[in-house]
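>>> predicted model, plus sequence, below.
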Amino acid sequence: MAQLPLGIKTQTQKLCSVYKRALRDLESYYDRRHVYRFQAVLLRDRFDKILELKDQREFNKRVQEEEDLLFKYIHPIPRKFPHSVGGVAYKRVVTPPDWVLDYWHPLEKAQYPEYFKRREQRKKEYLAIWEKEHGKPGSDEKHH
């Protein structure tokens, strides 16, 4: 079976995408769970009817209508997950890069002798692998 390129979606995938975005939009409008669930059931019924259509033109037309409807009534302040892009906790905890440990004071490193011994060993192994693959720094030759 031939693989579709990543950028092309089937009409059913497009319908599912619109449905999911519509559900997320409903979450923004309805804080009360039972009201949200009722609206979600109504939405699902609407999308199931579209899915049952046999005529491809009518199917495409209805998917486009749902997408336009979603665009028209989208919530002005959509609810976002806290750790998602745009959420209140997005990138709140910054993990420092590994090279920061190279600048620790020797007394700080002395508190974790086994860790830093293993780290130095792994750095040497990594440099050996890198030099084997790319050559020594400064040399123009590349080994493959």
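Looks like it came in fine. Residues are numbered from 1 along each chain as shown.

>>> where in this protein is pLDDT low?
The model of the chain has pLDDT under 70 over residues 1-5, 139-144.

>>> how far off centre is the lengthiest helix in the chain?
Counting residues, the longest helix found in the chain (DSSP state H) is helix 113-134. Distance of helix 113-134 from its chain centroid, counting by CA atoms, centre = their mean, to the nearest Å, is 32 Å.

>>> would you point out which residue is most central in the chain?
residue 84 (8.1 Å; CA atoms, centre = their mean).

>>> helices along the chain, start to end?
Applying DSSP H to the chain gives helices spanning 11-29, 33-51, 56-72, 106-110, 113-134.

>>> show me the contacts for the closest residue to residue 44 other than its chain neighbours.
Nearest non-adjacent residue to residue 44, counting by CB to CB, 6 or more residues apart in numbering: residue 19, 7.7 Å away. The C-beta positions use only the backbone N, C-alpha and C, and glycine is treated the same way. Shown in contact with residue 19 (CB atoms under 8 Å, 6 or more residues apart in numbering): 43-44, 47, 66.

>>> for the closest residue in space to the residue nearest to the centre of the chain that isn't next to it in sequence, list the residues it contacts.
Nearest residue to residue 84 in three dimensions, chain neighbours excluded: residue 90, at 6.4 Å (CB to CB, 6+ apart). Neighbour list for residue 90: 82-84 [criterion: CB under 8 Å, 6+ apart].

>>> redo the residues you listed as TSV? Include distance to residue 15.
Listed next are those as TSV, based on distance: CB to CB, whole Å:
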residue	distance to residue 15
82	29
83	28
84	23
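
>>> ok, the closest residue to residue 81 other than its chain neighbours to residue 96 distance?
Once flanking residues are discounted, residue 81 sits nearest to residue 87: 5.3 Å by CB to CB, 6+ apart. As judged by CB to CB, to the nearest Å, residue 87 and residue 96 stand 22 Å apart.
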